[in-house]
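> using only what follows, build the 3D model:
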Amino acid sequence: MVSSKNDLDKVEQLGRILEKSSSPNNLSESLRCLSNPYHKNSGRDDIIFDLFKLPGTNEASVGKLITVLKGLGLRRDDPRLKEMMSRVRTFTKMEEELNHETKDPNHWKLSREQFCECISPSTELISQALQNNLVIPCWPVFTEKIRDIYLKCKLIKDGQCAQYIPQLARETPKSSEYRYVLSMGSGPPGAIPRSPSASSPSPRRSPTP
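You can find the predicted model right below:
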């Protein structure tokens, strides 16, 4: 049973990001198992597999997992997912060579054994992310708030670039504004920030203690 409002919020969010029709009690049970310390060494890989399992098959969608993690603030080039992504590419490359076709990453799918082997190096991180238990929760809401703050401040043309920072001292307020936006996200002014990564100056997300 869903026991508290916080649990209910997590269940509702998990249902939305997975776009699943599972009952709240089933999703709540999945969250409970993911947070269970006795599942740290076994079991949680299977729970994650079942969450991304394709109906009527014994395969899970790796593409959906990657998409969901990106929505939670973890990009596929995040160093903490490096080993997982390396294993995924190994399996998918073998499959592509066997079938003589190349698949879009969004359509990658693996058997239970392959899927669990791939995610095992990142099970803890994935579990925390699915529980909305990272340092910055609700990543889409956070990025939207940052975007709103930027758009409100964008109209302010007063002030000067910081002279004590050599790189900024050489810039005009206008060019500095544009460079700031590019550092937050690869797009024009007003673009939504990217999630933190090794190449981004933003603070890295990590599970809460």
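> only C-alpha atoms from now on, for both contacts and neighbour counts.
OK.
> now do the helices in this protein.
5-18, 24-34, 44-51, 62-71, 82-99, 112-119, 123-130, 139-153, 166-169, 173-184 (DSSP state H).
> I'd like the mean pLDDT over the shortest one, please.
Mean pLDDT, helix 166-169: 80.
> need the CA coordinates for it. PDB is fine.
The C-alpha coordinates for helix 166-169 follow below in PDB (Å, rounded to 0.1, in the frame of the first residue of the first chain):
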ATOM      1  CA  PRO A 166      40.200  38.200 -16.800                       C
ATOM      2  CA  GLN A 167      37.900  36.300 -19.100                       C
ATOM      3  CA  LEU A 168      34.900  38.400 -18.200                       C
ATOM      4  CA  ALA A 169      36.900  41.700 -18.200                       C
END
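> where in the protein is pLDDT low?
1-28, 37-42, 105, 173-209 (pLDDT under 70).
> care to break it down by domain?
Listed by automatic domain parsing, the domain ranges of the chain are 5-130, 139-184.
> circling back: what's the closest of the helices of the chain to N106?
helix 62-71 (3.9 Å; C-alpha to C-alpha).
> and the closest one, what does it pack against?
Packing partners of helix 62-71 (3 or more C-alpha pairs under 8 Å, 6 or more residues apart in numbering; DSSP states H and E): helix 5-18, strand 109-111.
> sorry, back to before: can you say which of the domains of the chain is packed in most?
domain 5-130 (a mean of 17; mean count of other C-alpha atoms under 10 Å).
> F52 contacts I66, correct?
No - contact between F52 and I66 fails when scored by C-alpha atoms under 8 Å: they sit 10.5 Å apart.
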